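Participant: Next one to model:
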Amino acid sequence: MKYSFLTYLVIFTFFILSCNSSNIQARGDHDNNKKLLTGNAISDINCLKDTSISYSIYLPSGYSTEKKYPLILAFDPHANGSLPVEKYDSLAERYGYILIGSNNSKNGLPMNETEKIVNSLLSEIGIRYSADSSRIYLMGFSGGARIASLVALYGGGIKGVIGCGAGFPGSSQPGRSLFDYIGFAGNADFNMNEMLSLDEQLEEANFRHALVIFDGKHEWPPVETMEHAFIWNEFCAMKEKLIPKNKKMIEDYRKWMEETTRNNDNKGDIYKKSVDLQQMIRFLEGLSNTDELKNRLKEIRESQEFIKAEKEILVMREKEIQEQKMVNENFFLRDLTWWKGKIMDYGLRITNGTNLYEVRMYKRIMSYLSLLAYMNYNNAESSGDKNNADFALEVYKIVDPENAAKIK
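Facilitator: Predicted coordinates for the structure are as follows:
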């Protein structure tokens, strides 16, 4: 019988992550005699069973096969496994995690190739590292976030997912597994509305979940923002008594978030303040008394200032959807003069705008148009359509000259 990708993941993931932990160990007698150093990010390690699959890794200082470690497996949309590993190795060190990044998984791969990569990496984790099989986490950005969610939804054996800049993959099949989920989105990310909608759906579906909105675009979150994910993982593990309750970590988190909400007060962003309070409640529920936080959140959401802001945001979300549809439908129908005018108009609205939520909306539209131009260029170039490729590249240069300059 030939299994589908999703069915195979259910069987394979359960088998790999149920391996006897006494057989898990880090070895350094292969990969061209490359030694696996602790406390240092290593960018290119070949899998034991399939040397065509490689990954980047960070093992925390003092790593020992006598101890089990939580592990995060990361998927970058451009197969750059060293990016998340090197970016977040300080967090892996601080919280005692093994951090692995796939060097092969990327956007646009056929599903059977993605299956091969995922299975090889899960096998590698099971036979080579001293990983805690009850605390395996998946992390991804953009298309990588969808891969992480796909494996967790249909594979089982995954404790949690850290999804950055994109939600769950589209599928007509219901997910088979529950897991802890924390999402990240920049307030200028064209996928922010998708992440907000996912957050609402997870609330209805009784997923344990949280959402962190940060100042940024469609990108891997800054280190200080990603720290929320490590704390979230630790708190969820405490709630399930997988690790002892750490009162100091809980109190430090509460103080950190209290300072964050005060800063949002000073910026006049009441909506973000409500988001941060909701985040605190989700993190601390079951570990600390949250009654006072719930009362503050209720008071904010009943205020006229918040009600006005929420209405504005809902209007902006609908307008953004329509604007994205318009630029998509008109991309090749309008000439460069029209696009120069449209992009200049967006820029002026961002520079001169006084409505915080409207300015962010136009930043997201510009970000969306940048991606659209790049994708249209890439597709036209791949199909040999020189005219459309040249046109898309010119639009790309107008909307995002910094990234367009990287195309040779």
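
Participant: List the contacts of Arg208.
Facilitator: Leu178, Asp180, Tyr181, Cys236, Arg282 (C-beta atoms under 8 Å, 6 or more residues apart in numbering). Any C-beta I mention is one placed from the backbone N, CA and C, and that applies to glycine too.

Participant: quick one: what helix or strand has the last one in it?
Facilitator: In this structure, Arg282 sits in helix 270-284 according to DSSP states H and E.

Participant: tell me what that helix is packed against?
Facilitator: For helix 270-284, the packing partners by 3 or more C-beta pairs under 8 Å, 6 or more residues apart in numbering; DSSP states H and E come out as strand 209-214, helix 223-239, helix 247-267, helix 291-301, helix 304-330.

Participant: how about these in TSV, adding mean pLDDT, mean neighbour count and distance to Ile72?
Facilitator: Formatted as TSV, those follow (pLDDT from 0 to 100; neighbours: other C-beta atoms under 10 Å; distance: least, C-beta to C-beta, whole Å):
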stretch	mean pLDDT	mean neighbour count	distance to Ile72
strand 209-214	94	21	16
helix 223-239	98	20	8
helix 247-267	87	14	18
helix 291-301	95	14	28
helix 304-330	93	14	31
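
Participant: pLDDT score assigned to the residue lying farthest from the centre of the chain?
Facilitator: The centre of the chain is farthest from one residue, Thr337, which by C-alpha atoms, centre = their mean lies 36.3 Å away. Thr337 carries a pLDDT value of 97.

Participant: can you start the count at 526 instead of 1 from here on
Facilitator: Done: numbering now begins at 526, and the last item shifts to Thr862.

Participant: can you give me how far the helix or strand hosting it is from the chain middle?
Facilitator: In this assignment (DSSP H and E), Thr862 forms part of helix 861-877. Distance, stretch centre to chain centre, for helix 861-877: 30 Å (C-alpha atoms, centre = their mean, to the nearest Å).

Participant: got the buried residues for it?
Facilitator: Trp864, Lys867, Ile868, Tyr871, Arg874, Ile875 (16 or more other C-beta atoms under 10 Å).

Participant: Those residues: which two are farthest apart?
Facilitator: Spatially, the most separated pair among those is Trp864 and Ile875, at 16.4 Å (C-beta to C-beta).

Participant: In this structure, which residue is most central in space?
Facilitator: The residue lying closest to the centre of the chain (C-alpha atoms, centre = their mean) is Cys689, at 1.6 Å.

Participant: ok, so what distance separates that residue from Leu584?
Facilitator: Note on Cys689: its distance to Leu584, by C-beta to C-beta, to the nearest Å, is 23 Å.

Participant: and what of Met841?
Facilitator: Met841 sits 45 Å away from Leu584, going by C-beta to C-beta.

Participant: before we move on, what about Gly708?
Facilitator: From Gly708 across to Leu584, the span is 27 Å (C-beta to C-beta).

Participant: and the helix holding Arg807 with helix 748-764, angle?
Facilitator: 40 degrees (axes from the mean of the first three to the mean of the last three C-alpha atoms, to 10 degrees).

Participant: which regions of the protein lie under the pLDDT threshold?
Facilitator: Low-confidence segments of the chain (pLDDT under 70): 526-561, 696-701, 790-791.

Participant: Which segments of it make up each domain?
Facilitator: Following automatic domain parsing, the chain resolves into domains at 530-769, 831-929.

Participant: Nearest to Leu822, out of these?
Facilitator: Closest among these, using C-beta to C-beta: domain 831-929, at 9.9 Å.

Participant: Between the two ends of that closest one, how far is it?
Facilitator: End-to-end distance for domain 831-929, by C-alpha to C-alpha, to the nearest Å: 39 Å.

Participant: Please consider this matter closed, and thank you.
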